[in-house]
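>>> Coordinates for the following, if possible.
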Amino acid sequence: MRFGLSVVGGACLVCGLLAGAVGCLQAEGTTGTTGAVAVGGEDEPRNAGATPALPDVPDPDAVEDWRAVTDAQWRERLTREQFRVLRRHGTERAGSGVLLHNNAEGTYVCAGCGAPLFASSAKYDSGTGWPSFWQPIAEDAVGRMEDRSLGMVRTEVHCARCGGHQGHVFPDGPEPTGLRYCINSASLAFVPAE
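Numbers count the residues shown, from 1 in each chain. Predicted structure coming up:
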């Protein structure tokens, strides 16, 4: 079983400012045919002249060990932009992600493996230009690790199932957690509530 979904772009404020400075590509939104929210994030459509539609997000149980998937296999599964963000810790320019303004009820899942990561009820407008959440759907849904890139110390957030880079978490969010999970839209897909 596969979810009929597609994905898009976004990230954290610090990364986004840097990404904007080096000229990251802006995502374009598309509409899917499955009833799920389909969003653009691919910098080159696979079918020139066609409305860009991204690959379906796989069933979370489709692969026995998501961490054993090779770069070559990820390149086959993901768009170029998804690969850059999820597998190479990339980011997208502020305000470019279609999921930024998505207010529908549902679940945000990993664009790489389909694992549920964030509930729409934890999403809020942080004013940063990227989808922000005050908590993950479950504490063990995301992993955290120290990120010392770009000359600063931050906490990176990744999908606990496949290790795909999601964004960063900062201690400046709203109550009740005081946290802001600043997430790349290219690393997410959205499954609407039924």
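>>> Okay, helices next: where are they in this structure?
Across the chain, reading from the start of the chain, the helices by DSSP state H fall at 13-21, 71-77, 80-88.
>>> Compare the ones you listed and say which comes out lowest on pLDDT.
The minimum mean pLDDT among those belongs to helix 13-21 (a mean of 39).
>>> nearest residue to Tyr108 other than its sequence neighbours?
By the measure of CB to CB, 6 or more residues apart in numbering, the closest residue to Tyr108 outside its immediate chain neighbours is Phe118, 4.2 Å from it. Backbone N, C-alpha and C define where each C-beta goes, glycine included.
>>> contacting residues around that neighbour?
107-108, 133, 135-137, 141, 181, 183, 188 (CB atoms under 8 Å, 6 or more residues apart in numbering).
>>> can you pick the most crowded of these?
With neighbours set by other CB atoms under 10 Å, the maximum within the contacts of Phe118 is found at Leu188, which has 34 neighbours.
>>> what's the farthest-apart pair in the contacts of Phe118?
Maximum pairwise distance in the contacts of Phe118, criterion CB to CB, is 15.3 Å, between Gln135 and Leu188.
>>> Output stretch 116-130 as PDB, nothing but the C-alphas.
Below are the C-alpha coordinates for stretch 116-130, written out as PDB (Å, rounded to 0.1, in the frame of the first residue of the first chain):
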ATOM      1  CA  PRO A 116       4.100   9.800  11.200                       C
ATOM      2  CA  LEU A 117       6.100  12.800  12.600                       C
ATOM      3  CA  PHE A 118       3.800  15.700  13.600                       C
ATOM      4  CA  ALA A 119       0.100  16.200  14.200                       C
ATOM      5  CA  SER A 120      -1.600  19.300  12.700                       C
ATOM      6  CA  SER A 121      -2.900  20.100  16.200                       C
ATOM      7  CA  ALA A 122       0.800  20.900  17.200                       C
ATOM      8  CA  LYS A 123       1.400  23.200  14.100                       C
ATOM      9  CA  TYR A 124       1.600  26.900  14.600                       C
ATOM     10  CA  ASP A 125       2.600  30.000  12.700                       C
ATOM     11  CA  SER A 126       6.100  30.900  14.100                       C
ATOM     12  CA  GLY A 127       6.600  33.800  11.600                       C
ATOM     13  CA  THR A 128       9.800  32.200  10.400                       C
ATOM     14  CA  GLY A 129       8.600  31.100   7.000                       C
ATOM     15  CA  TRP A 130       8.700  27.400   7.700                       C
END
